[in-house]
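# Mind looking at a prediction? Sequence and model below.
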Amino acid sequence: MTNCEVSKLHYILDKKEYDSRAESNAALFFNNLIWGIDEVCSFTNYAKGTIYNLVSRGEIPYRHRGRKKRLVFVPSEINAWLKGEQT
């Protein structure tokens, strides 16, 4: 196998791995497995300030995502929290 063929093979494998990860992340978002603050506000009818206060007091389940520590929420955890269940 030539260097060119090896490089093409690496490119194809890297692209498939990237596409797979991108599809996985998209599936999480589009299947509503991850919500941002706006989706939580819409679902709960709480204002953004209320959600931020609940987060700061640790009273609502949340996670951080990315280097900027963006707040994300898992819908099933929010639903359980609203029902008063332990998450």
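Happy to help now that I have it.
# close enough to count as contact, P75 and L33?
Yes: assessed by Cβ atoms under 8 Å, P75 is found in contact with L33 at 6.9 Å. To be clear about C-beta, it is placed using only N, CA and C from the backbone, and glycine gets the same treatment.
# List the backbone torsions phi and psi for W35.
Dihedral angles phi and psi of W35 (degrees, to the nearest 10) take the values phi -120, psi 150.
# Next, count neighbours for it.
Counted with other Cβ atoms under 10 Å, the neighbours of W35 add up to 20.
# Can you tell me the closest non-neighbouring residue to it?
In space, W35 comes closest to F73 once its chain neighbours are excluded; the distance is 4.6 Å by Cβ to Cβ, 6 or more residues apart in numbering.
# Which stretches in the protein count as helices?
Along the chain, the stretches classed as helices by DSSP state H are 3-30, 37-44, 48-56, 75-82.
# Can you tell me how far A80 is from C41?
18 Å (Cβ to Cβ, to the nearest Å).
# swap that for S76, sorry
Distance from S76 to C41, counting by Cβ to Cβ: 18 Å.
# can you pull the contacts of Y46?
Each residue near Y46 by Cβ atoms under 8 Å, 6 or more residues apart in numbering is listed here: 40, 54.
# cool, and I37?
Applying Cβ under 8 Å, 6+ apart, the residues contacting I37 are 48, 51-52, 71, 73.
# R70 now?
If a contact means Cβ under 8 Å, 6+ apart, then R70 has 36, 64 as its contacts.
# change it to 10 Å
For R70, the contacting residues are 36-37, 63-64, by Cβ atoms under 10 Å, 6 or more residues apart in numbering.
# Now, of those residues, which are buried?
Among those, those classed as buried by 16 or more other Cβ atoms under 10 Å are I37.
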